[in-house]
Each structure stands twice: as structure tokens, then as C-alpha cells.
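S.K.: Would you be able to build a 3D model of this:
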Amino acid sequence: MNWLLVIAGAMVGAPLRYATDRMVQLRHDTVFPWGTFAVNVTGCLVLGLLTGAASAGAASAHLQLLLGTGLCGALTTYSTFSYETLRLTETGAGFYAAANAIASVAAGLGAAFAGVWFAQTWWA
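M.R.: Numbers count the residues shown, from 1 in each chain. Sure, this is the predicted structure:
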């Protein structure tokens, strides 16, 4: 049963990641990987909300598998973030590479903390 929840979440997360990445990136005329940045920060926010909800007793283990492991696991991508940062460095866009690394970590952590705070405040 658990693996079906993970698969169901991933079936939504993977195409959502691709579609979001394409839509966001098409709106920006820059080498900065805005699409990957957007899905990763969004995934951090969702995981933060889910973690806060779980700690408040409002999210079941099944919901955590569906949304956390399945959806967010397929939506977010550390490997693409790493590849795009490396590609920026190799093409001489060192400033964008550094900005991507710093902003992705800072925004991702900020989104996760904000999600936990919001969920705990909501369900407290």
C-alpha cells in the first residue's frame, strides 16, 4: 500500500515539475535556472507545511508518503540544481552559479521554516 502512495504522488510531481520548469523558464530571458529554483523552493514549502502539520497531528503517515515522498520527491531535484550550477560555472557564468547556489539554499530553508511555522500556527 505504501509504495502505491509514493507512486501516485510521483505521477503528479514529475509532470508538474517538468511543466512548471518549462513555463517559468520561458518567461525569463536569462541563463539563471528560474524553473528549477521555483520547483525546489515550492517543494521545500510543501515539505515544511507537511512537517508542521504532522507535528501538530494533522497529517497522517499516508499523507506524508503521498505528498512528501511521492509528490515532493518527484517535484524537487537536487541533481538538476547541481548540474545547472555546474553548467553555469563551466560556461563562465560564475556569478549566476554562485547566486543559484546561495539563493537556492537560503530560499529553500526559508520556505521550509515558513511552512513549518505556518502549519504549526494553523493547527495549534
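S.K.: so how many other residues sit close to the residue nearest to residue 27 when sequence neighbours are not counted?
M.R.: Spatial nearest neighbour of residue 27, excluding adjacent residues (Cβ to Cβ, 6 or more residues apart in numbering): residue 34 at 7.7 Å. Just so you know, the C-beta spots here come from the backbone N, C-alpha and C atoms, and that holds for glycine as well. Counted by other Cβ atoms under 10 Å, the residues lying close to residue 34 total 16.
S.K.: which SS class is the residue of the chain most remote from its centre?
M.R.: Farthest-out residue of the chain from its mean C-alpha position, per Cα atoms, centre = their mean: residue 92, at 26.5 Å. Assigned by DSSP: H, G, I helix; E, B strand; the rest coil, the conformation of residue 92 is coil.
S.K.: Same question for residue 58.
M.R.: With three-state DSSP as the basis, residue 58 sits in coil.
S.K.: Give me the pLDDT for it.
M.R.: Residue 58 is assigned 96 on the pLDDT scale.
S.K.: hang on, isn't it packed against residue 123?
M.R.: Yes - the pair residue 58 / residue 123 is scored as a contact, 4.4 Å apart, by Cβ atoms under 8 Å.
S.K.: now the helices for this structure?
M.R.: 2-26, 34-55, 61-63, 73-75, 78-90, 94-123 (DSSP state H).
S.K.: just to revisit the earlier point, which ones are touching the residue nearest to residue 27?
M.R.: Neighbouring residues of residue 34 by Cβ atoms under 8 Å, 6 or more residues apart in numbering: 24-25, 27-28.
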